[in-house]
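In: For reference, the sequence and a predicted model appear below.
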Amino acid sequence: MSTPTSPLIHLVDDDDAVRDALALLIGTVGLRVQAWPDPLHFIGQFDRDSIGAIVLDIRMPGISGLAVLDTLVQQGVDQPVVMLTGHGTVDLCRRAFKSGAAEFLEKPVDDELLLDTLQGAVRTHVKSRQRHQADREARERFGLLSEREREVLALIVGGLTNKEIGRALGLSPRTVETHRANLFAKLGAESLAQVIRRYADLAEGTA
Amino acid sequence: MRRIALLALAWLLLSASGAAWMGRAELDRQRAAFETDARIAHRLLSQRVVEHDAILATLVLLQPGAVAGEAAPEQRLPSVYPQVLGVLRHDGTTDWPADRQQALTAGETASRAAGRAVLAHADFTAGHYTVVRAAHPASFALVIDLKALVPRAEWPLPDNGPVRVALQHAGQERVLMPGQVASPGGWSFGFRKHLAAESQAFDVVAERRIGWDELPWGRIAGWAVACGLAVLGIRAWAQQRAGRRRAQELLRLGRVGRLNAMGELAAGMAHELNQPLTAVLANTNAAQRLLAEAPPDLETAREAMAQAATQARRAADVIGRLRRSVQEPGDTTVRVPVAWADTVRRALDVLAPELQRLGVSAEISGDAATRVVADPVALEQVLHNLLNNALHALEQVPAAERRLMLSLGTDSTQGVLRVRDTGPGIAPDALPRLFEPFFSTRHGGLGLGLSLCETLATRMGGTLSGGNAEQRGAEFWLALPLATTPAR
């Protein structure tokens, strides 16, 4: 995994014993754990850029886990949230998923289930971060293209040959070939397939 | 406030329409009576005046001769007919009286021309009139007293009655009956008709005035009171019904509230227990994993196991605390003699809406007067639970097969109440666990009902048993100690 730091699990539970035990258990599979006894403190302080997942107890004094979840979603937090409850009802479960919870587990939770869920959540998060990263890079590279090169790219994505592109834009096939080469260089692409996969959406947005 | 105004309006409308109808009917009755009386009066007066014509005709025909030294025979007529004041004659020897000669002569001429009696002179103020009949040799005239014209014997109207009767002729009027002047306002009936004799074609004018005070106020007041009572009765009935509905609603709310409290208790308990259990499980799982590592992390694993043990103890404490908090502080059970009948009635009252919904009516047999020693509230709760279970069972069978039977009575030393239903009965595998706490066959049931019932029955010195009935359905029987003094 080419992430700057190893994944971090935020564990929010007001019960010391539960928090310590779960932190120890999660630690046994090599995941780092940051434990938060106070949900409000957690909302105010946790590192939103970290890679990982959040484990939220539903029943906490002061603020319910569902309210914390709503706040996180509103703030655009992208870490997957795993809800934990000692009294899981269908209604509670439905509300949690509707609010955007990644998983809903009942206490006492089986170790395999919890750890698998957390590892799955971390993988999901890493992938989504990578996708975001790739998207950002693609946008930056796309910004380097000239107006003409963007036109040519749009037609390439549209499946036209150099000759056809030249006719469409009133250019000689040779000029088209030059634009094409520049464009590939600027985008850092090695193959047509790569260009289409990464830039089809952006190119069609300008066409 | 609006309801009261509405009720008052309803009462007013009812009373007013009833009063109008009764007043109308009374007026119609009075009018009919008046018209009958007026017709009778007219007929009697007509007979009288026709009589005068007949007397004159007889005199003219007989021409009674005058005997010297004696009064003329016709002069005896006033003694026979009280209304005849005098008989006048005009012949060769006797002329009309000088004071009325002119009128009588003119009347005689007219009579001769018409060939019948005619009215010669009328003085209604003085109270008399004269009818003349011309003939040969003698013409006769009758002086009639208006006062005596009314035939008292047959007259339908009382002297000081409400009807005014008068005779009118050529602008003159003579009142025969004064009648009574009614209070101002009100209604008046009138009657006017000529007398049936051309010679004395006076108008009979009758009038009856009816004042407001003559309406049947007594009956109207009675009706208004009756309407008021009816409206109040309807209101009381509606209020009672609303009250009953409210009471049922409260009862239902109470039940829901109890269920909510139970749900809350269960949620709280689940949380209290799940926290330490979660810690125990997580610690032991972690320890297993630490021990499986190569090399095993013994120190951390040992700490995890110690934590697990602490948390297991915490769970046990939660259970202990819970048990202590729900335990009775001592035996405070009330024990009084209770008749089966009272308990059964109250329990059925509470479940009346359910019974009605399912179309079930409890069939009660046995001796309802049997009295047992029990805590009335606990007993009612037990019976309520048993009936409720029975109704739940009956809900699962077609309406036509639903029966709920209660048999009351004694069983040598104990009072026994049996509740039997025709529902699907109890599954064989559920039978041994009937009274086990938290065992329920009902979806969403807590499984505490029968367990609680049994506890209550035992605490009252009785027993609760249950099973399947011989034919079909389930049967539960509650046995309680008999009260020593029978209530007879």
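Out: Thanks, I have it. Bear in mind the structure is a predicted one, so any value in this text is a computation, not a measurement.

In: ranges for the strands of the stretch 301-450 of chain B?
Out: Using DSSP state E, counting those that start in this stretch, the strands assigned to the stretch 301-450 of chain B run over residues B:336-339, B:362-366, B:371-374, B:404-411, B:414-421.

In: so can I have a markdown table of the ones you listed showing distance to chain A?
Out: C-beta coordinates here come from the backbone N, C-alpha and C atoms, glycine included. Below are these laid out as a markdown table (distance: least, Cβ to the nearest Cβ, whole Å):
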| stretch | distance to chain A |
| --- | --- |
| strand B:336-339 | 40 |
| strand B:362-366 | 36 |
| strand B:371-374 | 37 |
| strand B:404-411 | 34 |
| strand B:414-421 | 31 |
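
In: Out of those, which gets nearest to B:Arg76?
Out: Of all these, strand B:362-366 sits nearest to B:Arg76, with 100.0 Å by Cβ to Cβ.

In: What lies in contact with that closest one?
Out: B:Trp340, B:Val344, B:Leu348, B:Leu355, B:Leu387, B:Arg403, B:Leu404, B:Met405, B:Leu406, B:Ser407, B:Leu408, B:Gly409 (Cβ atoms under 8 Å, 6 or more residues apart in numbering or on different chains).

In: buried sites along it?
Out: B:Ala362, B:Ile364 (16 or more other Cβ atoms under 10 Å in any protein chain shown).

In: and the angle from that strand to strand B:414-421?
Out: 150 degrees (axes from the mean of the first three to the mean of the last three Cα atoms, to 10 degrees).

In: So in that sheet, which strands flank strand B:362-366, and in what orientation?
Out: Sheet pairing for strand B:362-366, assigned by DSSP bridges, gives strand B:404-411 (parallel).

In: residue contacts, residue 95?
Out: Using chain A here. Per Cβ under 8 Å, 6+ apart, neighbours of A:Arg95: A:Leu66.

In: nope, chain B please
Out: So B:Asp95 contacts B:Gln101 (Cβ under 8 Å, 6+ apart).

In: how near is it to B:Asn283?
Out: Distance of B:Asp95 to B:Asn283, computed by Cβ to Cβ, to the nearest Å: 159 Å.

In: and residue 129, how many residues sit next to it?
Out: Just going to use chain A. Neighbourhood size, A:Arg129 [other Cβ atoms under 10 Å in any protein chain shown]: 15.

In: To clarify, I was referring to chain B.
Out: With other Cβ under 10 Å as criterion, B:Tyr129 counts 25.

In: Checking my notes, it in a strand, right?
Out: Yes - counting by DSSP: H, G, I helix; E, B strand; the rest coil, B:Tyr129 is located in a strand.

In: which non-adjacent residue is nearest it?
Out: B:Ala122 (3.8 Å; Cβ to Cβ, 6 or more residues apart in numbering or on different chains).

In: For the residue positioned nearest the centre of chain A, which three-state class applies?
Out: Chain A has A:Ser128 as the residue nearest its centroid, 2.5 Å off, counting by Cα atoms, centre = their mean. Recorded secondary structure, A:Ser128: helix (three-state DSSP).

In: Nearest spatial neighbour of it, chain-adjacent residues omitted?
Out: A:Asp78 (6.4 Å).

In: can you pull the contacts of the one you found?
Out: Applying Cβ under 8 Å, 6+ apart, the residues near A:Asp78 are A:His125, A:Ser128, A:Arg129.

In: picking up where we left off before, just say which of the strands of the stretch 301-450 of chain B is most tucked in.
Out: Comparing the strands of the stretch 301-450 of chain B by mean neighbour count (mean count of other Cβ atoms under 10 Å in any protein chain shown), strand B:371-374 ranks first with a mean of 24.

In: Could you name the helices and strands sitting against it?
Out: Under the contact criterion of 3 or more Cβ pairs under 8 Å, 6 or more residues apart in numbering or on different chains; DSSP states H and E, strand B:371-374 touches strand B:336-339, helix B:340-350, strand B:414-421, strand B:474-481.

In: From A:Arg19, how far out is the residue of chain A found nearest chain B?
Out: Residue nearest to chain B within chain A: A:Gly86 (3.0 Å; Cβ to the nearest Cβ). From A:Gly86 across to A:Arg19, the span is 14 Å (Cβ to Cβ).

In: shouldn't B:Ala483 be in contact with B:Trp340?
Out: No - proximity of B:Ala483 to B:Trp340 does not meet the contact threshold set by Cβ atoms under 8 Å, at 10.7 Å.

In: who has more neighbours, these two?
Out: B:Trp340 (28 against 18).

In: Which residue is the nearest non-sequential neighbour of the residue in chain B positioned nearest to chain A?
Out: As assessed by Cβ to the nearest Cβ, chain A sits closest to B:Asn274 within chain B, at 3.0 Å. Sequence neighbours aside, A:Gly86 is the residue nearest to B:Asn274 in space, at 3.0 Å (criterion: Cβ to Cβ, 6+ apart).

In: What segments of the chain are helices?
Out: Because you didn't say which chain, this covers chain A. Applying DSSP state H to chain A gives helices spanning A:16-27, A:39-45, A:65-74, A:90-99, A:111-144, A:147-157, A:162-169, A:173-187, A:192-206.

In: try chain B instead
Out: B:2-62, B:77-80, B:101-114, B:217-292, B:298-326, B:340-350, B:352-358, B:376-394, B:449-459.

In: looking at these, which is buried most?
Out: helix B:376-394 (a mean of 21).

In: Which secondary structure elements does that one sit against?
Out: By 3+ Cβ pairs under 8 Å, 6+ apart, helix B:376-394 packs against strand B:336-339, helix B:340-350, helix B:352-358, strand B:404-411, strand B:414-421, helix B:449-459, strand B:474-481.

In: Show me the contact partners of the last one.
Out: Meaning strand B:474-481. Counting by Cβ under 8 Å, 6+ apart, B:372-374, B:379, B:382-383, B:386, B:389-390, B:393, B:411, B:413-421, B:423, B:425-426, B:457, B:460-469 sit against strand B:474-481.

In: I'd guessed the residue of chain A closest to chain B sits against A:Val109; true?
Out: No - at 9.9 Å, A:Gly86 does not count as touching A:Val109 under the criterion of Cβ under 8 Å.

In: show me where pLDDT drops low in the chain?
Out: Since no chain was named, I'll use chain A. A:1-5, A:205-207 (pLDDT under 70).

In: wrong chain, I was asking about chain B
Out: In chain B, residues with pLDDT under 70: B:66-70, B:181-184, B:253-264, B:267, B:325-333, B:444-446, B:485-488.

In: For it, list the residues in contact with chain A, please.
Out: Proximity of chain B to chain A is confined to B:266-267, B:270-271, B:273-283, B:285-286, B:288-290, B:293, B:300, B:304, B:307-308, B:310-311, B:314 under the rule Cβ under 8 Å from any Cβ of the partner chain.

In: same thing but 10 Å
Out: B:263, B:266-290, B:292-293, B:297, B:300-301, B:303-304, B:307-308, B:310-311, B:314 (Cβ under 10 Å from any Cβ of the partner chain).

In: Tell me the residues on chain A that lie near chain B, please.
Out: Counting by Cβ under 10 Å from any Cβ, chain A sits next to chain B at A:13-29, A:57-59, A:84-89, A:92, A:106-112, A:114-115.

In: where's the residue of chain A closest to chain B relative to B:Thr278, distance?
Out: 7 Å.

In: Now do the shared contacts for these two.
Out: Residues touching both A:Gly86 and B:Thr278 (Cβ atoms under 10 Å, 6 or more residues apart in numbering or on different chains) are A:Asp15, A:Val18, A:Asp57, A:Glu106, A:Lys107, A:Pro108, A:Val109.

In: quick one: which of those residues is nearest to B:Arg43?
Out: Closest to B:Arg43, out of all of those and judged by Cβ to Cβ, is A:Glu106, at 110.2 Å.

In: still on that earlier bit, mind listing the shared neighbours of B:Ala483 and B:Trp340?
Out: B:Thr370, B:Arg371, B:Val372, B:Ala374, B:Gly415.

In: Now residue 200: closest residue in space that isn't a chain neighbour?
Out: Going with chain A. Closest to A:Ala200 by Cβ to Cβ, 6+ apart is A:Val157, at 5.0 Å.

In: could you do chain B instead?
Out: B:Val49 is the one closest to B:Gln200 (Cβ to Cβ, 6+ apart), at 4.2 Å.
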